[in-house]
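Undergrad: Got a predicted structure plus its sequence, pasted below:
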Number of protein chains: 2
Amino acid sequence: MYSIILVSHSKKITDGIKEMIEEMVGESDNVKISSCGGADDGRLGTNSVAILDCIEASASSDKIYIFADIGSAILSAETAIDLIDDIVIQKKVQLIDSPLVEGAFAAAIQASVGSTEEEILKEIESV
Amino acid sequence: MYSIILVSHSKKITDGIKEMIEEMVGESDNVKISSCGGADDGRLGTNSVAILDCIEASASSDKIYIFADIGSAILSAETAIDLIDDIVIQKKVQLIDSPLVEGAFAAAIQASVGSTEEEILKEIESV
């Protein structure tokens, strides 16, 4: 099982991506999408603690890929990764250097059809 | 004045990007953002006629940049461009090969500070 965590200043953006991927990819036991955009009050901003919560909620996955859009969203994701206490979970997490919408979509498609980690990362790179 | 038209299957995604850019870039007479995501009933999908309407509503701009996320959103934008009757408007339109969120954000920042077309396109390429 792969987890995909979406990070942006805008919850609307990450909710929209989750919705689009889930409709296009369909139900799959291989991939779980989490929308972690916005500040904790739902306004524009990022929140490392909320991202950490999303990571911990995905702890049972084999791999946890984080996609973030611009500068400070990427920084918040990095901070969240630093905040992980459990080294086993931390090792599962990878912050992906890829466009948010296009990368997450490509990863979800690959993950849903049972691709290997290598195949998923190769597909993301080709985006 | 530059226009940026956002195309995706999800209106939530394009509304979120417009909102994020407008808050981060602030009010600017140099750039206008249009959210053209979703099918005409607001559900997931794309709509070439709605994209054409967005283009025509931006006809007074000097340049109209269209950003789209995945496969069929790009195809719908191409169809909308083909549907433009007025050759003067058609010449202003450019479908940008760039990530949707990151590219539109970079373009808006550059446009808002009065950059030239060349500078904007260079910034988008570096995304």
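TA: Received, thanks. Please read these numbers as outputs of a predicted model, since none were measured by experiment.

Undergrad: How about the secondary structure of A:Ser61?
TA: Secondary structure, DSSP: H, G, I helix; E, B strand; the rest coil: A:Ser61 is coil.

Undergrad: Do I have it right that it meets A:Ser3?
TA: Yes - if you go by CB atoms under 8 Å, A:Ser61 and A:Ser3 touch, sitting 4.0 Å apart. Using the backbone N, CA and C atoms, a C-beta is placed for each residue, glycine as well.

Undergrad: what residues are shared contacts of these two?
TA: A:Lys32 (CB atoms under 8 Å, 6 or more residues apart in numbering or on different chains).

Undergrad: Chain A: strands as residue ranges?
TA: Assigned by DSSP state E, the strands in chain A fall at A:2-7, A:31-35, A:63-68, A:93-96.

Undergrad: how far away is the closest residue in space to A:Asp86 that isn't next to it in sequence from chain B?
TA: Leaving aside its sequence neighbours, A:Asp86 sits nearest to A:Ala59 (CB to CB, 6 or more residues apart in numbering or on different chains; 7.4 Å). Shown here: A:Ala59 relative to chain B, a distance of 27 Å by CB to the nearest CB, to the nearest Å.

Undergrad: Name the residues of stretch A:91-108 that come out as buried.
TA: Residues of stretch A:91-108 classed as buried by neighbour count (16 or more other CB atoms under 10 Å in any protein chain shown): A:92-93, A:95-96, A:98-108.

Undergrad: can it be found next to chain B?
TA: Yes - contact of stretch A:91-108 with chain B (CB under 8 Å from any CB of the partner chain) involves A:Pro99, A:Leu100, A:Val101, A:Glu102, A:Phe105.

Undergrad: Not counting sequence-adjacent ones, nearest residue to the second one?
TA: Nearest residue to A:Leu100 in three dimensions, chain neighbours excluded: A:Asp69, at 4.2 Å (CB to CB, 6+ apart).

Undergrad: Give me the pLDDT for the one you found.
TA: With respect to pLDDT, A:Asp69 scores 96.

Undergrad: Ramachandran coordinates for it?
TA: Per-residue torsions, A:Asp69: phi -90, psi -70 (degrees, to the nearest 10).

Undergrad: Near it, how many other residues are there?
TA: 28 (other CB atoms under 10 Å in any protein chain shown).

Undergrad: What parts of chain A come near chain B?
TA: Residues of chain A lying near chain B (CB under 8 Å from any CB): A:8-17, A:19-20, A:23-24, A:37, A:44, A:69-70, A:99-102, A:105.

Undergrad: Just the buried subset of the residues you listed, please.
TA: Using 16+ other CB under 10 Å, the buried ones in these are A:8-17, A:19-20, A:24, A:37, A:44, A:69-70, A:99-102, A:105.

Undergrad: and the closest residue to A:Ile120 other than its chain neighbours, what is it in contact with?
TA: Distances taken as CB to CB, 6+ apart place A:Gln110 nearest to A:Ile120, at 4.4 Å, with adjacent residues excluded. Contacts here follow CB under 8 Å, 6+ apart; on that basis A:Gln110 touches A:Glu119, A:Ile120, A:Glu123, A:Ile124.

Undergrad: can you pick the most crowded of those?
TA: Counting neighbours by other CB under 10 Å, A:Ile120 leads the contacts of A:Gln110 with 23 neighbours.

Undergrad: List the backbone torsions phi and psi for the residue sitting furthest away from the middle of chain A.
TA: When distances are taken from the C-alpha mean of chain A, A:Asp41 lies farthest, 20.3 Å away, according to CA atoms, centre = their mean. Torsion angles at A:Asp41 (phi, psi; degrees, to the nearest 10) stand at phi -90, psi 10.

Undergrad: State the distance from it to chain B.
TA: Applying CB to the nearest CB to A:Asp41 and chain B gives a distance of 14 Å.

Undergrad: so where's the longest helix in chain A?
TA: helix A:11-25 (DSSP state H).

Undergrad: That one packs against which elements?
TA: Counting contacts by 3 or more CB pairs under 8 Å, 6 or more residues apart in numbering or on different chains; DSSP states H and E, helix A:11-25 is packed against strand A:2-7, strand A:31-35, helix A:100-112, helix B:11-25.

Undergrad: I am finished for the moment; much appreciated.
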